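[1] Provide a 3D model corresponding to the input given below.
(one chain, ligands or ions: 1)
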Amino acid sequence: MNMAVMNFIPRCRRMLGDGTILNRVIVFSTIYGLFEGVSIFALLPAITSLVTGQPVLGLGVTGWIVVLACLAVLGGVANYFQLSRGYSVAMFFIRVAHDMIGNRVATLPLGWFNKPLAGKLSRMVSTELMMAGEIIAHFVSPFISNLVVSLVVLVLTYTWDVRLGITLTVATPFFLLFVALSTKLNKKAKDISEPAEVELSNRIVEFAHCQAALRSCGRSANYSELTTANREWLRAKRKELWLNLAGNVVGNSFSQGIVVTLMFMSAQFAVGGTLQPVEAIAFIGLCLRYTQVLTGITDTAAALEDRRPVLDAIDEVVTAKPLPEPDTATPEPTPGTISLDHVAFSYEDGTPVLRDITFAVPAKTMVALVGPSGCGKTTIARLISRFYDVTAGSVKVGGVDVREQTTKQLMASLSMVFQDVYLFDDTLEANIRIGREDATMAEFHEAARLAGVTEIVNRLPRGWDTPVGEGGRALSGGERQRVAIARALLKQAPIVLLDEATSALDPENEENVVAAVDKLRETATILVIAHKLDTIRKADAIVQLRADGTVEDIGTHEELFARGGTYRSFWDHRAAAQGWQL
Ligand SMILES: Nc1ncnc2c1ncn2[C@@H]1O[C@H](COP(=O)(O)OP(=O)(O)OP(=O)(O)O)[C@@H](O)[C@H]1O
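    Residues are numbered from 1 along each chain as shown. Here you go, the predicted structure:
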């Protein structure tokens, strides 16, 4: 019995939170297994009685027919309950796991969503949860009942004839071994060919998508990545074929060899005169049915093992550690301020991204972060929003360490307009309103006008009711950012984090965003990761970062410019590129 089977029941019990419902499935599967086991064994006395016309174990032919009929009816009823209980537990499991995933996801650190597992969440709550539910409905019950059937048949065969019982007992592990080996070989074959198949289909899609780029490089007729993927696929397919062949030989020939050996043994007992010929024939019938049951055990065990990754993934989500946070909001001594004190940070790979970062953003001021690409500007914004916790030092918002704030409290202080704006698959209006559900129509329209969303709406046939599509794909990158800015304006949070908010906008619409930022400055503190020289110059302070994630200098534009250094060369370089004159 493999680990998946051993683990599955306690695991399900833990996830369901209520063992009773699963116990019922186990009980009905066991009862069904008992009836089925007895009816398989009953073939021995029934056939013997039928052929000899003599009573066997105190029952004549009619008696055995009645016994078999009763067992069939009782087995049918138990099977019905086993299946219906299995289905209802499966449905219950899907519902519970769905809620658990939803509840857990809502408490996980935002940084968790950058993990590969997060990308699979939608698949998990749809197809994979169904697959996990299927495990209970289709595999656990049959596994338990088949196990009980085999035990009942074995024990009862001993009571009939000890030699037949021993023969069956000796044959069982060999049979199980060969069937399991065959399943393993076939699975290995699939594991070899599947990645090669995925790689090939990805390369074909890539080949189709990148036709323009490939043609411009003259590589459309000779795209080596596709040729290599095709070669690897053929190689993998060849291996798969050989392994399947080996699996079939082991599965069919060897396991059938065990059945033939069983037949041979019973024939030997009959020839030796120690077993009636009719008993030998009945035993052969029993053996055929028994080996079907054993095959059922290995098949369901293999199917459970196959689905283990699904359960592992669900488990990983529902047991992921939520952010430790206090139960109640902590009073903020200086609302609207941000301060970083000797902050150091590395992502999971351990490479330091930020080192000894110290700066403060007083309330209602605008501070610009500047520095080379990859120096950690976005990371600073993520730490302030507590996507991740710092490795050393502290980040304070409103004068309170973000680790001592509830998520609700921190999120109430911040509005975020990051580079990768994601909109909900809802209308334009709903996407802005989410900033503050109870905003008046006048406030809503003012925010939309300032961010330049009204312009977009006027162009759309369905106006405010236009659906933006999944992630906002019906809008351009610039339009999505304007919606996010309108949302931030409407939210009226005391602090706004702007990550290159204007970079995706075309020049005509940039004015709207500049106006929106000016408006935000009246009421909010702004920390902006700006590449626009105009925004940088207007900032109350500029934090100049080095490529190694340290602060080089802090000051106003005039101060930094006068000091020379990196800021001045950065400015001169950018101003020259944009044709600016100072
Ligand atoms: N989720 C992540 N996991 C691991 N490393 C990351 C992650 N996000 C960013 N990094 C790395 O951290 C460093 C800082 O990245 P960050 O995005 O903060 O830089 P940035 O200054 O905002 O860059 P840019 O101006 O190009 O947007 C980079 O080396 C980047 O590769």
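[2] can we go C-alpha only for contacts and neighbour counts from here?
    Fine.
[3] Can you give me the domain boundaries for this structure?
    1-161+296-322, 162-274, 338-577 (automatic domain parsing).
[4] For the last one, what is the distance to the chain centroid?
    Put plainly, it is domain 338-577. Centroid displacement of domain 338-577 relative to its chain, using C-alpha atoms, centre = their mean, to the nearest Å, is 30 Å.
[5] can you tell me if it touches the ligand.
    Yes. Contact of domain 338-577 with the ligand (C-alpha under 6 Å from any ligand atom) involves Tyr347, Val353, Ser373, Gly374, Cys375, Gly376, Lys377, Thr378, Thr379.
[6] which residue ranges form the helices in the stretch 51-200 of the chain?
    61-105, 116-119, 121-123, 129-134, 141-160, 162-209 (DSSP state H, counting those that start in this stretch).
[7] picking up where we left off before, narrow the residues of domain 338-577 next to the ligand to those that are buried.
    Val353, Cys375, Gly376, Lys377, Thr378, Thr379 (16 or more other C-alpha atoms under 10 Å).
[8] show me where the stretch 201-350 of the chain has helices.
    For the stretch 201-350 of the chain, the helices defined by DSSP H, counting those that start in this stretch cover 211-216, 224-248, 255-271, 277-306, 308-318.
[9] Next, the angle helix 162-209 makes with the third one.
    Meaning helix 255-271. Relative orientation of helix 255-271 versus helix 162-209 (axes from the mean of the first three to the mean of the last three C-alpha atoms, to 10 degrees): 170 degrees.
[10] Dump the buried ones among the residues of domain 338-577 next to the ligand into JSON lines; add secondary structure, distance to Glu470 and pLDDT as well.
    As requested, those are exported to JSON lines (DSSP: H, G, I helix; E, B strand; the rest coil; distance: C-alpha to C-alpha, whole Å; pLDDT from 0 to 100):
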{"residue": "Val353", "secondary structure": "strand", "distance to Glu470": "32", "pLDDT": "93"}
{"residue": "Cys375", "secondary structure": "coil", "distance to Glu470": "31", "pLDDT": "90"}
{"residue": "Gly376", "secondary structure": "coil", "distance to Glu470": "29", "pLDDT": "91"}
{"residue": "Lys377", "secondary structure": "helix", "distance to Glu470": "28", "pLDDT": "92"}
{"residue": "Thr378", "secondary structure": "helix", "distance to Glu470": "24", "pLDDT": "91"}
{"residue": "Thr379", "secondary structure": "helix", "distance to Glu470": "26", "pLDDT": "93"}
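[11] Taking those residues, tell me the two that lie furthest apart.
    For those, the farthest-apart pair by C-alpha to C-alpha is Val353 and Thr378; their separation is 10.8 Å.
[12] just so I know, which of the domains of the chain lies nearest Gly285?
    Gly285 sits nearest to domain 1-161+296-322 of all the domains of the chain, at 7.9 Å, using C-alpha to C-alpha.
[13] where along the stretch 401-550 of the chain do the helices fall?
    Going by DSSP H, counting those that start in this stretch, the stretch 401-550 of the chain shows helices at 407-413, 428-433, 441-451, 453-459, 477-491, 507-523, 533-538.
[14] Pick the most deeply packed of the ones you listed.
    Most buried of those, by mean neighbour count (mean count of other C-alpha atoms under 10 Å): helix 477-491, with a mean of 26.
[15] Averaged pLDDT, that one. What do you get?
    Mean pLDDT, helix 477-491: 84.
[16] And for stretch 522-538?
    The model assigns stretch 522-538 a mean pLDDT of 85.
[17] tell me the pLDDT at Trp571?
    81.
[18] Now do the SS call for it.
    helix (DSSP: H, G, I helix; E, B strand; the rest coil).
[19] In contact with it: list those residues for me.
    Leu533, Phe561 (C-alpha atoms under 8 Å, 6 or more residues apart in numbering).
[20] got it, and the one 3 residues further on?
    When contacts are counted by C-alpha under 8 Å, 6+ apart, Arg574 is found next to Leu533.
[21] Secondary structure element holding it?
    Element membership of Arg574 [criterion: DSSP states H and E] is helix 565-577.
[22] Pull out the buried positions in that helix.
    For helix 565-577, a neighbour-count test (16+ other C-alpha under 10 Å) marks Thr566, Tyr567, Arg568, Phe570, Trp571, Asp572 as buried.
[23] quick one on the thing from earlier: which pair in the residues of domain 338-577 next to the ligand spans the largest distance?
    Across the residues of domain 338-577 next to the ligand (C-alpha to C-alpha), the longest gap, 16.7 Å, separates Tyr347 and Ser373.
[24] Low-confidence regions, this structure specifically.
    Where the chain drops to pLDDT under 70, the residues are 1-7, 18, 114-120, 471-472, 500-510, 512-513, 577-582.
[25] sorry, back to before: turn the helices of the stretch 51-200 of the chain into TSV, including mean neighbour count and distance to the ligand.
    Shown next, in TSV, are these (neighbours: other C-alpha atoms under 10 Å; distance: least, C-alpha to the nearest ligand atom, whole Å):
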stretch	mean neighbour count	distance to the ligand
helix 61-105	18	18
helix 116-119	12	10
helix 121-123	13	17
helix 129-134	20	27
helix 141-160	21	43
helix 162-209	17	24
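[26] Just put those helices in TSV and tack on distance to Asp299.
    TSV is the format used below for the helices of the stretch 51-200 of the chain (distance: least, C-alpha to C-alpha, whole Å):
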stretch	distance to Asp299
helix 61-105	18
helix 116-119	29
helix 121-123	25
helix 129-134	15
helix 141-160	9
helix 162-209	8
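[27] Quick check: which of these is nearest to Gly463?
    Ranking the helices of the stretch 51-200 of the chain by their distance to Gly463 (criterion: C-alpha to C-alpha) puts helix 121-123 first, at 29.9 Å.
[28] How far off centre is the closest one?
    5 Å.
[29] Over to stretch 98-106?
    For stretch 98-106, the gap between its own C-alpha mean and the chain's C-alpha mean amounts to 12 Å (C-alpha atoms, centre = their mean).
[30] quick one: contacts of that stretch?
    Counting by C-alpha under 8 Å, 6+ apart, Val125, Leu129, Ile314, Val317, Val318, Ala320, Pro322 sit against stretch 98-106.
[31] Of the buried ones among the residues of domain 338-577 next to the ligand, just say which sits nearest to Val77.
    Thr379 (62.0 Å).
[32] I'd like to know how far that closest one sits from Leu475.
    27 Å (C-alpha to C-alpha, to the nearest Å).
[33] next one: Gly33
    59 Å.
[34] So the two - more neighbours on which side?
    Gly33 (27 against 17; other C-alpha atoms under 10 Å).
[35] For the more buried one, identify the helix or strand it belongs to.
    If you go by DSSP H and E, Gly33 is part of helix 19-52.
[36] now that helix, how far from the chain's geometric center?
    40 Å.
[37] In it, which residues are buried?
    Going by 16+ other C-alpha under 10 Å, helix 19-52 has these buried residues: 21-22, 24-50.
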